[in-house]
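A.B. asks: take this sequence and fold it.
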Amino acid sequence: MPNFPARLLLVAAAFAAPAAAQSYLPQARMIGGNPGPQHNYVCPNVDAGGKALDCYMDAVRHLYTMCKHVKSIEIIEHGYEASEQGTNSAKSEYCIDKQKLNITRPYQAALRDATASKQAVDGVRALQEFWGASLAALKGRPGESDDDYKSRTSAVYGAIEERAAAIREYLAGSAKPAGRVATGAAGKAPR
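C.D. replies: Next up, the predicted model:
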């Protein structure tokens, strides 16, 4: 058996490589000598080494914006009423399906990051449900004015920020060390 330790390292590296590739961020790759999609397509405002929870919170906002823009294009092309008729809404429906797939890994990683607090985990789950409902609500409502539509779909950003801040507070509260026990005059803890 020549060079047994080298073989052992090779086998260990083979098993470690797939585990390292299991990141919540898509991996960049070369396509025809050009860099492929950036590592931060899903969460563009978070660095590759950032926390999973930060990536998820950025992704919620960013992916909602992408589908909101696609829906806006459909509305510009066809008007509010006709944008939902026939195949006119196909682009936004595809966008929603695509972004639901894109957010899966950041969402799962965010849940793992939030495990220090049950309230934070519940907050992440609630944010995910809110995000999905907000995407579905990008459709115009009958009789809704342009200003009302824009106001309603823009208000989502404030709600996302409020929910994200609450999740961060839950995690900050769970990270605080336990308080010291008050001591009596003799230096012993009261009974």
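A.B. asks: how about the helices in the chain?
C.D. replies: Secondary structure of the chain (DSSP state H): helices at 4-20, 52-82, 90-102, 104-113, 118-136, 146-175.
A.B. asks: so, low pLDDT: which residues of the protein?
C.D. replies: Across the chain, the ranges flagged by pLDDT under 70 are 1-40, 48-49, 175-191.
A.B. asks: just give the number of residues close to the residue nearest to S174 when sequence neighbours are not counted.
C.D. replies: Closest residue to S174 apart from its sequence neighbours, by C-beta to C-beta, 6 or more residues apart in numbering: S117 at 3.8 Å. For the C-beta atoms, the positions are set from N, CA and C on the backbone; glycine is no exception. Each residue near S117 was counted by other C-beta atoms under 10 Å, and the total is 18.
A.B. asks: touching, S117 and A172? I think so.
C.D. replies: No: S117 lies out of contact with A172 (C-beta atoms under 8 Å); the separation is 9.0 Å.
A.B. asks: hang on, the earlier thing: need the contact list for the residue nearest to S174.
C.D. replies: S117 sits next to 170-171, 173-174 when contact means C-beta atoms under 8 Å, 6 or more residues apart in numbering.
A.B. asks: any idea how far it is from G143?
C.D. replies: Noted for S117: a distance of 43 Å to G143, by C-beta to C-beta, to the nearest Å.
A.B. asks: could you do G158 as well?
C.D. replies: Going from G158 to G143 by C-beta to C-beta gives 24 Å.
A.B. asks: coming back round to it: TSV for the contacts of S117, including distance to E81 and neighbour count?
C.D. replies: TSV is the format used below for the contacts of S117 (distance: C-beta to C-beta, whole Å; neighbours: other C-beta atoms under 10 Å):
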residue	distance to E81	neighbour count
Y170	42	20
L171	44	19
G173	48	12
S174	48	14
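A.B. asks: between these, which is nearest T104?
C.D. replies: Each of these was scored against T104 by C-beta to C-beta, and L171 proved nearest at 21.5 Å.
A.B. asks: how far away is that closest one from K118?
C.D. replies: Going from L171 to K118 by C-beta to C-beta gives 11 Å.
A.B. asks: swap in I103?
C.D. replies: From I103 to K118 the distance is 22 Å (C-beta to C-beta).
A.B. asks: residues near A126, how many?
C.D. replies: Neighbours of A126 (other C-beta under 10 Å): 13.
A.B. asks: and it, what does it touch?
C.D. replies: Shown in contact with A126 (C-beta under 8 Å, 6+ apart): R163.
A.B. asks: so I103 and K118 - more neighbours on which side?
C.D. replies: A count of neighbours by other C-beta under 10 Å puts I103 above the other of I103 and K118, at 23 against 11.
A.B. asks: for the more buried one, grab phi and psi.
C.D. replies: Dihedral pair for I103: phi -90, psi -10, per degrees, to the nearest 10.
A.B. asks: verify the stated contact: it with H62.
C.D. replies: No: counting by C-beta under 8 Å, H62 is not a contact partner of I103; they are 9.6 Å apart.
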